[in-house]
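> with the sequence up front, the predicted model follows.
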Amino acid sequence: MSSKSSYLGLVNEVDGFPDAATHPEAFAERTSEYSRFMHLNYTVGYIIPIVLDALKDTELSGDWWDIQPGVVRLCGDTVEERTKNMDKTTRRWREAQRFEILSGWRDEIYTVYAPKGSPFFYMERSAHPLFGVLAYGSHMTVYVPATPTTPLRIWVPRRAAGKATYPGMLDNTVAGGMGNGAGPWECIIKEAGEEASLEESLVRAKAKPVGFVSYFYVRHKEAGGEAGLLQPEIEYCYDMAVEAPDSGGPTLKPCDGEVAVHILMDIDEVVANLKNGKFKPNCSAVLLDFFIRHGIITAENEPDYLEIYTRLHRRLEFPTR
C-alpha cells in the first residue's frame, strides 16, 4: 500500500524534514550533513553537500561567500550587494549547467527575509531550493457548496503536460508563488485570471482569506531538478464559494497555458485522487486544511487528526516576511 493512501501519508510526503521541536534527534542527525546558511545569528536556510561543493569552487570564493565548517554566509553589507553576489553565483552555475534545476530559470525574483520582515536579499525563483530558504505562495480553493441534492464540489485543475514541474498532476484551483514583492492577495488576483479565467471583480467579491499552511518539503524528482533539495514553504490560503455552472456560476477554464483543463469534482473524487497520489504534494496540504475547516476531516473520523493539523501548520525556524 502506498504511503500516500492515508491523510497522514500525504502530510509525510510534503512535510518530510524532521522538526527540531518534536524530533530533536532526527533533526540533529539530518542537519549534521548540511551547512547552515546564516545571517547574523539566524538560520535562513540549509545547504546540502552538492551545493556546498559548488560554492567551494575556487571561482566563487572570496568576496561572494564566507564558507566555514558547518556555516555559510553570503557576503555583502547591503541588500543590493548580497543580491548581486547571489545573482552572480546562480548565473555562473546556470551557464555551466551545474544544476538541472536551473534549466527552469524563470527571471522571477523571490525575497529572502532577515528578522522582522526586512529583506535580506533577492534571488531567482528557480534557485531557491539550492539554498533551502523559505518560499511563499498563495493557493485558493474554489468550490460549489453542498445542496440538499448535491455534495460539495471543488474545481480542480490538471497541470499542463509540458510543465517542467509535476506535469499532468492535479493542483489547487488557483495557486502561485509570491514573487517580485507581491503580497498574497495580489498573487491570488493575478493567478485567478491567468490560470482560471476568473474575473477580478468576482474574486475580489467572493474570495476569503482563511489562514495558511506551512511545511518543510524535501523535493522529489517530479518537482524538477535534483532530488533531495530543501524547500520550506508558507502558503497563504483562500476559499471562494461559487454557484454551479448550471445555476449561473462561472465555468473555469485555462488562460495561460499552465493548466490543461479544470474539472468540477465531488468530494469523493477529490479524496480518491488525493489518496492515489494524483495531486501535487503541497496542493494536498492545502486541500487537507480545507477538509478540516469544512468538517470533512474531524477528530471523530480521523485517528491522526491532531498530528495532521499540527503538521500542516508547522512552526518554521527561519525569519519570515
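Nice, I can see it.
> where does the stretch 51-200 of the chain have low pLDDT?
Using pLDDT under 70 as the threshold, the predicted model of the stretch 51-200 of the chain has low-confidence ranges 58-62.
> what segments of it are helices?
Remark: helices assigned in the stretch 51-200 of the chain by DSSP state H, counting those that start in this stretch are 79-96, 184-196, 200-206.
> okay, buried residues for the second one please.
Spelled out, that is helix 184-196. For helix 184-196, burial by neighbour count (16 or more other C-beta atoms under 10 Å) applies to 184, 187, 188, 189, 190, 191, 192, 193, 194, 195, 196. In short, each C-beta sits where N, CA and C put it, glycine included.
> now do the longest one
Applying a neighbour-count criterion of 16+ other C-beta under 10 Å, one finds 79, 82, 83, 84, 85, 86, 87, 89, 90, 93, 94 buried in helix 79-96.
> between those, which is nearest residue 143?
Of all those, the one sitting nearest residue 143 is residue 90; the distance, using C-beta to C-beta, is 38.8 Å.
> and the closest residue to that closest one other than its chain neighbours, what does it touch?
Counting by C-beta to C-beta, 6 or more residues apart in numbering, residue 90 lies nearest to residue 127, which is 4.3 Å off, once chain neighbours are set aside. Contacts here follow C-beta atoms under 8 Å, 6 or more residues apart in numbering; on that basis residue 127 touches 86, 90, 93, 101, 102.
> the third one and residue 45, how far apart?
Between residue 93 and residue 45 the computed distance is 16 Å (C-beta to C-beta, to the nearest Å).
> now swap in the first one and tell me
Taken as C-beta to C-beta, the spacing of residue 86 relative to residue 45 amounts to 11 Å.
> those strands in the stretch 151-300 of the chain, which residues are they?
153-159, 174-177, 208-218, 230-241, 259-266 (DSSP state E, counting those that start in this stretch).
> redo the ones you listed as a markdown table? Include distance to residue 109.
Listed next are the strands of the stretch 151-300 of the chain as a markdown table, based on distance: least, C-beta to C-beta, whole Å:
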| stretch | distance to residue 109 |
| --- | --- |
| strand 153-159 | 23 |
| strand 174-177 | 11 |
| strand 208-218 | 21 |
| strand 230-241 | 17 |
| strand 259-266 | 24 |
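> who wins for proximity to residue 310 among the ones you listed?
If you check each of the strands of the stretch 151-300 of the chain against residue 310 by C-beta to C-beta, strand 208-218 wins as the nearest, at 10.6 Å.
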